[in-house]
Structures are given as C-alpha cells and as structure tokens.
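> build the 3D model from these lines:
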Amino acid sequence: MFQIVEKKKLNDAVVMVRIVAPLIAKKVLPGQFIIFRLDEFGERVPLTVADYDREGGTITLIFQIAGETTRQFSQLEAGDTILDLVGPLGVPTELPEGTKSVCVIGGGVGCAIAYPQAKHLHSLGLEVDTIVGFRNKDIVILEDEFRACSDNLYLCTDDGSYGTKGFVTNVLQQQLEQGKKYDVVIAIGPVPMMKFVCKTTEPFQVKTIVSLNPIMVDGTGMCGGCRVTVGGKTKYACVDGPDFDGHQVDFDELMRRNGTYKRQEQECNLFRKEVQ
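Below is the predicted model of the structure:
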C-alpha cells in the first residue's frame, strides 16, 4: 500500500498528490512515469511523475479528473492509501550532446509534466525558457514553480484573460523569428499542440522532443496498445518512449488511436450519471 501524505486541488479539475514511494523516488528521472491502481478492482492508469524527493522518499503526481478512476483518486485525502504504484517506467529524457539552451513548452495539464523537465534542466545550469499555455486564467497551474526554474517564463491564455493572448506556438514562432537559438525544444501537452509546435520548429531545424500519451495498458511493451509510428517504424511509448523526435511522429495516427474508445467512455459517463 502507498500512502498519500499531501493532497491539493490546483484548480477545479486538476489535483496534486504526494505519495510515499521510496524505491521509485530513489530512481525516477524526468520523462519517466508510473502506473497506479487504486484497489484490486481498479484499472491501471499511467501518470508521468511531476516531481520527486529522493531524501524524503516521495513522488508527486498531478492529474486531471477525466474519468471514473481519476474521480475516485481525487476524493482520497492525506492519510489514505492506494494499492499499486509501479515504476519508474519508460526512458528518461535524453538531450543532444552539448545542449546549452532549451525551450520547455507545456499545454494545460501537460504543464505538470513540463515542470520536472524545466526544474531538472535548470538544476544542470542550462538556459531554460518556458512557454506554458492554458484556456483561461482560472485553470493556470504551477506558475510560481515555473518562474523559479526558468530564465524566461512566457504564460499564454487562449482568451487573453492572463499573460499573453494566444497559443504557445505564437510565442515560440516570435522567439525563433527574432533569432532566439534553442538547442532543443521539449513540448508536452495535448496532441494537436505538440503537432503544431513541431510544425513551428521544423523550418528552423530545431530538434524537438515530444512526450506522447497513447492508450496504455500494461506499461511493459506486451499489449501493444501504446504503439505509435515514428519515422515510419512502430514504436511503443511505454518502453521506447514516452519521449520521441517530434518531427518523426505520425500525429494524425496518434489522434485517431487515442479516440478508439471515445464511444465507450461516453456510454460509461452516461451510465454513471443515471445510477447517481
């Protein structure tokens, strides 16, 4: 059993929990993830580790309330426990040799995954610019944390209610056109956002790493559910990723595969409302 030692609501739909998991905290690196199960009847859900404390033996998870399992998870409090926590899984983020300047881009809840990247790169002494985007001011998360580990933080909202009005790609395009040189861009967020970040960086020949979120079941490469096409070859996000060269990813296929169970999810949500 794994105990929750801290819980905080970051906005109406996003929750942060800190969990005692010393073996995972000892080894996890930015880019890696865990799979949790609330109880013996629960589904297995992958979440990227948002932060870790090696000395304290804890890891931090940030998740959006998007289905029944995350709804149940959001109702747990400090002192409660969950049954399973497996990890660290996946390959840590790898930067090109000689990297000095990095732009970390996060969109929505993807900022929870972008944060440990920015924090780690900043701790290595690299120049870190961070661009984060949200629909509006009410759902902004981790602003203070990003400011603490960024040389420059650019915060965007779709509706202009906070920061710069527009998308993260608008700011990125502006930076690149003004001559800003990045050795690598790391983009994490909704699939369409990552796709268009890659389209923005490609003409400037800036290496772009994306963290993919396909449907995943076992997390060990056995089920094949998380397969993606990268450079015309089949890869498995759980063991080959979740980081990949964004200029090689077939994003259109990824979006189609992520929608495979949309009808079943809608039916499940309708059933839950009826029984309530």
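> in this protein, which spans are helices?
For the chain, applying DSSP state H gives helices covering 22-27, 68-74, 111-123, 143-148, 168-177, 191-201, 237-240, 251-258, 262-275.
> pull the CA atoms of the third one into CSV?
When you say that, I think you mean helix 111-123. Once non-C-alpha atoms are left out, helix 111-123 reads as follows in CSV (Å, rounded to 0.1, in the frame of the first residue of the first chain):
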residue,chain,number,x,y,z
CYS,A,111,2.5,21.5,-17.7
ALA,A,112,2.6,19.0,-14.8
ILE,A,113,5.0,17.0,-17.0
ALA,A,114,6.8,20.0,-18.4
TYR,A,115,7.6,21.3,-14.9
PRO,A,116,10.0,18.5,-13.8
GLN,A,117,11.8,18.9,-17.2
ALA,A,118,12.3,22.6,-16.6
LYS,A,119,13.3,22.1,-13.0
HIS,A,120,15.9,19.4,-13.9
LEU,A,121,17.4,21.3,-16.8
HIS,A,122,17.7,24.5,-14.7
SER,A,123,19.5,22.5,-11.9
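> name the residues of that helix that come out as buried.
Of the residues in helix 111-123, those buried by neighbour count under the rule 16 or more other C-beta atoms under 10 Å are 111-122. Yep, even glycine has a C-beta here, placed from its N, CA and C like the rest.
> could I get the helices of the chain as JSON lines with mean pLDDT and distance to residue 7?
As requested, the helices of the chain are arranged in JSON lines below (pLDDT from 0 to 100; distance: least, C-beta to C-beta, whole Å):
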{"stretch": "helix 22-27", "mean pLDDT": "96", "distance to residue 7": "17"}
{"stretch": "helix 68-74", "mean pLDDT": "90", "distance to residue 7": "9"}
{"stretch": "helix 111-123", "mean pLDDT": "91", "distance to residue 7": "15"}
{"stretch": "helix 143-148", "mean pLDDT": "94", "distance to residue 7": "17"}
{"stretch": "helix 168-177", "mean pLDDT": "95", "distance to residue 7": "29"}
{"stretch": "helix 191-201", "mean pLDDT": "96", "distance to residue 7": "28"}
{"stretch": "helix 237-240", "mean pLDDT": "92", "distance to residue 7": "27"}
{"stretch": "helix 251-258", "mean pLDDT": "90", "distance to residue 7": "28"}
{"stretch": "helix 262-275", "mean pLDDT": "70", "distance to residue 7": "23"}
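> make JSON lines out of those helices and add distance to residue 211.
Formatted as JSON lines, these follow (distance: least, C-beta to C-beta, whole Å):
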{"stretch": "helix 22-27", "distance to residue 211": "18"}
{"stretch": "helix 68-74", "distance to residue 211": "19"}
{"stretch": "helix 111-123", "distance to residue 211": "6"}
{"stretch": "helix 143-148", "distance to residue 211": "17"}
{"stretch": "helix 168-177", "distance to residue 211": "15"}
{"stretch": "helix 191-201", "distance to residue 211": "8"}
{"stretch": "helix 237-240", "distance to residue 211": "9"}
{"stretch": "helix 251-258", "distance to residue 211": "12"}
{"stretch": "helix 262-275", "distance to residue 211": "22"}
